[in-house]
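Colleague: Next one to model:
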Amino acid sequence: MSEEQTVSLVDVLQEDEELEEEASAVLAGSDSDHCSYPQGYVKRQALYACGTCTPKGGQAAGMCLACSYKCHEGHNLFELYTKRNFRCDCGNGKFADAPCKLFHDKDDVNSLNKYSHNFFGEYCTCRRPYPDPEDQVEDEMIQCVSCEDWLHGRHLGCEVPDCVELQEMICESCMNANQFLWSYATQLAVPGQALEPEAAKEKGADAVADEAGEPSSKRSRPEDGVEPTCKLKELEATGVKRARSGAVFWPSGWRSKLCRCHACQVRLTEAGLSFLTDESDTVLAYENKGKREEGRAPAHDPLMSALDNLNRVQQLEIIHGYNDMKSELKDFLQRFASEGKVVTSEDIRQFFEGQQSRKRRQADGRFHCA
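Modeller: All right, here's what the predicted structure looks like:
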């Protein structure tokens with residue numbers, strides 16, 4: 001084994017830690033033991049749909065993280081990642097003879113919940129499952145901020161920018177349903193679609209940026225007790241246009257630049273987009289909250305320190321053992337994924353008990369460096 005391979009364990013551990021943190025960021029913000037129904041329409045939470053209890057052709061329904069574990073173990077579940085303002089449906093009138101095991105007194109219907117084809121395991125404009133066993137194209141799925149559907153990058157109608165994980169996306173359908181968003185897109189969105197040539201000649205980029213930026217001395221300030229100038233009208237008055245096609249990506253902090261005047265707040269409310277002025281609504285904010293609650297990222301990693309104190313033979317033994325365990329764990333989890341089952345803490349416990357039993361049986365079969 002080469003020197004490069006002997007130190008690869010650190011890289012593997014770091015990669016696994018990053019993947020674990022990503023999953024933890026989604027799940028840590030939701031309660032895995034108690035149904036979220038008593039909390040009402042939760043601002044944002046991890047959600048699932050059950051293809052076993054609510055199959056395609058029936059009524060769409062969604063459930064919280066705890067109910068996916070406790071009430072639908074072994075069922076065909078669809079992971080919906082996170083959605084906003086949703087109340088757990090588990091055990092309500094949509095589930096016939098399958099009551100919720102965690103909270104019994106539920107209304108038959110949560111009238112304010114919003115549903116889509118995602119709740120039947122279909123995503124994107126192509127309405128395909130994810131993962132899709134028939135799709136041979138490597139492509140990432142990106143969630144729309146507005147409709148919260150997941151779309152393939154190749155079906156967005158635009159180029160996916162770098163650092164997409166730090167940006168928010170609004171799909172073309174949602175942009176066209178709310179035409180005023182195109183006006184914001186001329187200055188606030190991530191560059192990637194050309195402005196119309198004639199409009200760009202009439203207004204230079206610097207001039208437009210000044211009009212869309214901080215208030216000038218001519219504008220009314222909130223502390224003056226006067227209704228602030230509408231930023232949206234100012235953008236529309238510039239005459240600068242953007243090609244109205246394809247999804248639009250927005251950089252971090254773009255929500256804070258939306259107009260807060262009374263007319264615009266009413267417009268957002270009527271369009272069902274009032275959440276856009278709430279920067280804590282973002283998935284990134286939710287994930288950061290989950291990371292804080294999980295209390296991860298210790299200042300001192302005892303595993304890394306232990307590796308530094310081992311000799312070469314001991315490091316090789318650990319690498320072999322770790323790689324074997326990782327391969328077996330991957331195969332073990334793959335069986336659950338292929339059957340659409342949720343992995344419980346009991347499943348994981350049994351897996352590692354099996355590992356320990358095998359290790360005791362093979363106590364004399366150690367690896368040696370040639």
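
Colleague: Could you list the low-pLDDT ranges of the stretch 201-350 of the chain?
Modeller: 201-227, 294-320 (pLDDT under 70).

Colleague: So which residues of it form helices?
Modeller: Ranges of helices in the stretch 201-350 of the chain, per DSSP state H, counting those that start in this stretch, are 205-212, 231-237, 262-270, 283-294, 302-308, 312-339, 345-361.

Colleague: What of the stretch 51-200 of the chain?
Modeller: 65-70, 172-177, 180-188, 197-202.

Colleague: Which one, of those, ends up nearest to Glu293?
Modeller: helix 65-70 (13.4 Å; C-beta to C-beta). No exception for glycine: its C-beta is placed from N, CA and C like everyone else's.

Colleague: What are the contacting residues of that closest one?
Modeller: Residues outside helix 65-70 that contact it (C-beta atoms under 8 Å, 6 or more residues apart in numbering) are 27, 30-36, 45-48, 50, 77, 88, 90-91, 100-102, 342, 344.

Colleague: again with stretch 91-105
Modeller: Applying C-beta under 8 Å, 6+ apart, the external contacts of stretch 91-105 come out as 34-35, 37-38, 53-54, 58-59, 61, 66-67, 70-71, 88-90, 106-110.

Colleague: sorry, back to before: tell me which of the helices of the stretch 51-200 of the chain approaches Glu165 most closely.
Modeller: Nearest of the helices of the stretch 51-200 of the chain (C-beta to C-beta): helix 180-188, 18.8 Å.

Colleague: quick one: average confidence on the closest one?
Modeller: Average pLDDT, helix 180-188: 95.

Colleague: now the helices of the stretch 51-200 of the chain in CSV, with mean neighbour count and distance to Ala337?
Modeller: As requested, the helices of the stretch 51-200 of the chain are exported to CSV (neighbours: other C-beta atoms under 10 Å; distance: least, C-beta to C-beta, whole Å):
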stretch, mean neighbour count, distance to Ala337
helix 65-70, 22, 14
helix 172-177, 17, 30
helix 180-188, 21, 37
helix 197-202, 12, 49
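
Colleague: right, so of the ones you listed, which gets closest to Tyr286?
Modeller: helix 65-70 (13.0 Å).

Colleague: Looking at the closest one now, give me its mean pLDDT.
Modeller: Helix 65-70 comes out at a mean pLDDT of 95.

Colleague: Repeat that for stretch 95-103.
Modeller: In the prediction, stretch 95-103 has an average pLDDT of 92.

Colleague: how about it: buried residues?
Modeller: Phe95, Ala98, Cys100, Leu102, Phe103 (16 or more other C-beta atoms under 10 Å).

Colleague: out of those residues, which one sits closest to Arg349?
Modeller: When those are ranked by distance to Arg349 (C-beta to C-beta), Leu102 comes first, at 21.3 Å.

Colleague: before we move on, the earlier item: filter the contacts of helix 65-70 to the buried ones?
Modeller: Using 16+ other C-beta under 10 Å as the burial test, these include 27, 30-31, 34-36, 45-48, 50, 77, 88, 90-91, 100, 102, 342 as buried.

Colleague: so of those, which ones are in strands?
Modeller: The strands, defined by DSSP state E, take in Gln45, Ala46, Leu47, Tyr48, Cys50, Leu77 from the buried ones among the contacts of helix 65-70.

Colleague: quick one: which of the residues you listed is nearest Glu165?
Modeller: Ala46 (17.7 Å).

Colleague: Quick check: bridge partners of the closest one?
Modeller: Thr82 (DSSP bridges).

Colleague: mind checking pLDDT for it?
Modeller: Confidence for Ala46, expressed as pLDDT, is 93.

Colleague: Please apply the same query to Arg366.
Modeller: pLDDT at Arg366 comes out at 46.

Colleague: next one: Tyr130
Modeller: Reported pLDDT for Tyr130: 89.

Colleague: burial count for it?
Modeller: For Tyr130, the neighbour count with other C-beta atoms under 10 Å is 15.

Colleague: could you measure it against His117, distance?
Modeller: From Tyr130 across to His117, the span is 12 Å (C-beta to C-beta, to the nearest Å).

Colleague: Then Leu77?
Modeller: 16 Å.

Colleague: buried stuff in stretch 324-332?
Modeller: Within stretch 324-332, the residues that qualify as buried are Phe332, counting by 16+ other C-beta under 10 Å.

Colleague: er, stretch 234-246 I mean
Modeller: With burial defined by 16+ other C-beta under 10 Å, the residues of stretch 234-246 counted as buried are Glu234, Leu235, Thr238, Val240, Lys241, Arg242.

Colleague: In a markdown table, list those residues along with distance to Gly157.
Modeller: As requested, the buried residues of stretch 234-246 are exported to a markdown table (distance: C-beta to C-beta, whole Å):
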| residue | distance to Gly157 |
| --- | --- |
| Glu234 | 28 |
| Leu235 | 23 |
| Thr238 | 25 |
| Val240 | 21 |
| Lys241 | 17 |
| Arg242 | 13 |
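
Colleague: Looking at the residues you listed, which is nearest Thr277?
Modeller: When the buried residues of stretch 234-246 are compared for distance to Thr277 (C-beta to C-beta), Leu235 wins out at 16.1 Å.

Colleague: The closest one contacts Trp182, correct?
Modeller: No. Contact criterion C-beta atoms under 8 Å: Leu235 and Trp182 do not qualify, at 9.8 Å.

Colleague: Mind jotting down where the strands sit in the stretch 51-200 of the chain?
Modeller: 63-64, 77-86, 141-143, 150-152, 168-170 (DSSP state E, counting those that start in this stretch).

Colleague: Pick the most deeply packed of the ones you listed.
Modeller: Among the strands of the stretch 51-200 of the chain, ranked by average contacts under mean count of other C-beta atoms under 10 Å, first place goes to strand 63-64 (a mean of 30).
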